[in-house]
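Participant: Quick one: sequence plus predicted model below, questions after.
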Amino acid sequence: MPELPEVETIKNTLKRFVLDKTIDTIDIQWPNIIKEPNDTEHFKTLLQGQTIRELSRKGKFLMFYFDDVVLVSHLRMEGKYSVYDSSEPIKKHTHVTFRFTNGEELRYNDVRKFGTMHVYPRGKEFLNKPLNQLGPEPFDEAFSLDYFYQKLKKTDRYIKSTLLDQTIVTGLGNIYVDETLFRAGVHPLKRASKLSKKEVKAIREQAINTLEEAVRAGGTTIRSYVNGQGDMGMFQQELYVYGQENKACKNCSNTITKMKIGGRGTHICTSCQKL
DNA sequence: GGAGTTGTTGTACC
DNA sequence: GGGTACAACAACTC
């Protein structure tokens, strides 16, 4: 499940395979991936002849900057990008193929078909959905303690659900929310508005620390994540609670439990995280 | 074979 | 209308 650290790693590893490559033709096997423009022929027209100049990331979104347009791509649960020689056979779950003028192909594979692609003129990408709804990056100055505290004060939702809300802070998904709350010692069922400033400070700092460490480890591979050159992440070895149910807490030896909050699997140590 | 799994959006409800 | 909750999307694993 690519969250911020995985997308950051994909961006960095995919770069050397795609920068300065020019798109010749595009095949679309599953049109539902393409959200903007809603006509796939128009999508192809906008990208054909364009050269990839830079890769970028905002939250969990990967962005390809071309000469005149930007491709904004979300991988959702299982989306992957890889570069192949065009002679290699297409896989079962390849849904979009960008054929470069040099005979190589950037292929988008997605078992679940949940990923999305939006194309906008350069400069318009942040004015339109999906990027225009996103809150600050965890590493941005805009994600200050004061900003975060004021935002959390305004909502009665569980802190677990609130941290998954990308309009508050962008980049955290289910894995890193559980890890952040464990490290901060905060129970996921606490109401966001009821948290003390000390708790909010701990959550903010642990979110930043956790994501930084995960970026350094090249992301977390639970089932299928690999980066832009096919390597797994290493951060799964550092997880305290996610996927650790029935195991001993690394901090206190209490048994890690799993519950459901807002429809999402949630992992906690009830000894380290009290309500 | 039904439940669980995931992120975001659209929609329904108060 | 804002805040919130949840179905829907899709397919594979257990």
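Facilitator: Looks like it arrived, so ask away. Small disclaimer: the values here were computed from a predicted structure and weren't measured.

Participant: what's near enough to touch the residue of the stretch 151-275 of chain A found nearest DNA strand B?
Facilitator: Of all residues in the stretch 151-275 of chain A, A:Gly173 sits closest to DNA strand B, at 2.5 Å by C-beta to the nearest atom of the strand. For every residue, glycine as well, the C-beta is placed using N, CA and C. Counting by C-beta atoms under 8 Å, 6 or more residues apart in numbering, A:Gly173 makes contact with A:1, A:3-4, A:60, A:164.

Participant: from the chain's centre, how far out does the longest helix along chain A sit?
Facilitator: In chain A, assigned by DSSP state H, the helix with the most residues is helix A:197-216. Centroid separation for helix A:197-216 versus its chain: 16 Å, with C-alpha atoms, centre = their mean, to the nearest Å.

Participant: Buried residues, that helix. List them.
Facilitator: Of the residues in helix A:197-216, A:199-200, A:202-204, A:206-207, A:210-211, A:214-215 count as buried by neighbour count, 16 or more other C-beta atoms under 10 Å.

Participant: still on that earlier bit, pLDDT score assigned to the residue of the stretch 151-275 of chain A closest to DNA strand B?
Facilitator: pLDDT, A:Gly173: 90.

Participant: Enumerate the residues of chain A near DNA strand B.
Facilitator: Neighbours of DNA strand B within chain A, by C-beta under 7 Å from any atom of the strand: A:1, A:3, A:59-60, A:74, A:76-77, A:112, A:114, A:129-130, A:133, A:164, A:166, A:173-175, A:258, A:260, A:263-265.

Participant: For the contacts of A:Gly173, pick the one with the most neighbours.
Facilitator: When neighbours are counted by other C-beta atoms under 10 Å, A:Leu4 leads the contacts of A:Gly173 with 27 neighbours.

Participant: ok, now which ones touch the nearest residue to A:Thr51 once chain neighbours are set aside?
Facilitator: Spatially, and ignoring its direct neighbours in sequence, A:Thr51 is nearest to A:Thr22 (4.5 Å; C-beta to C-beta, 6 or more residues apart in numbering). Residues counted as contacts of A:Thr22 (C-beta under 8 Å, 6+ apart) are A:49-52, A:100-102.

Participant: Repeat that for A:Tyr147.
Facilitator: Per C-beta under 8 Å, 6+ apart, neighbours of A:Tyr147: A:Pro136.

Participant: part of a strand, is it?
Facilitator: No: per DSSP: H, G, I helix; E, B strand; the rest coil, A:Tyr147 lies outside any strand segment and is helix.

Participant: so how far is A:Ala248 from it?
Facilitator: 37 Å (C-beta to C-beta, to the nearest Å).

Participant: Could you do A:Cys272 as well?
Facilitator: 12 Å.

Participant: Look at those two and report which has more neighbours.
Facilitator: Set A:Cys272 next to A:Ala248 and count neighbours by other C-beta under 10 Å: A:Cys272 wins out with 21 against 12.

Participant: That one reaches A:Thr255, doesn't it?
Facilitator: No: assessed by C-beta atoms under 8 Å, A:Cys272 is found out of contact with A:Thr255, at 11.6 Å.

Participant: Now do the shared contacts for those two.
Facilitator: Common neighbours of A:Cys272 and A:Thr255, counting by C-beta under 8 Å, 6+ apart, are A:Cys249.
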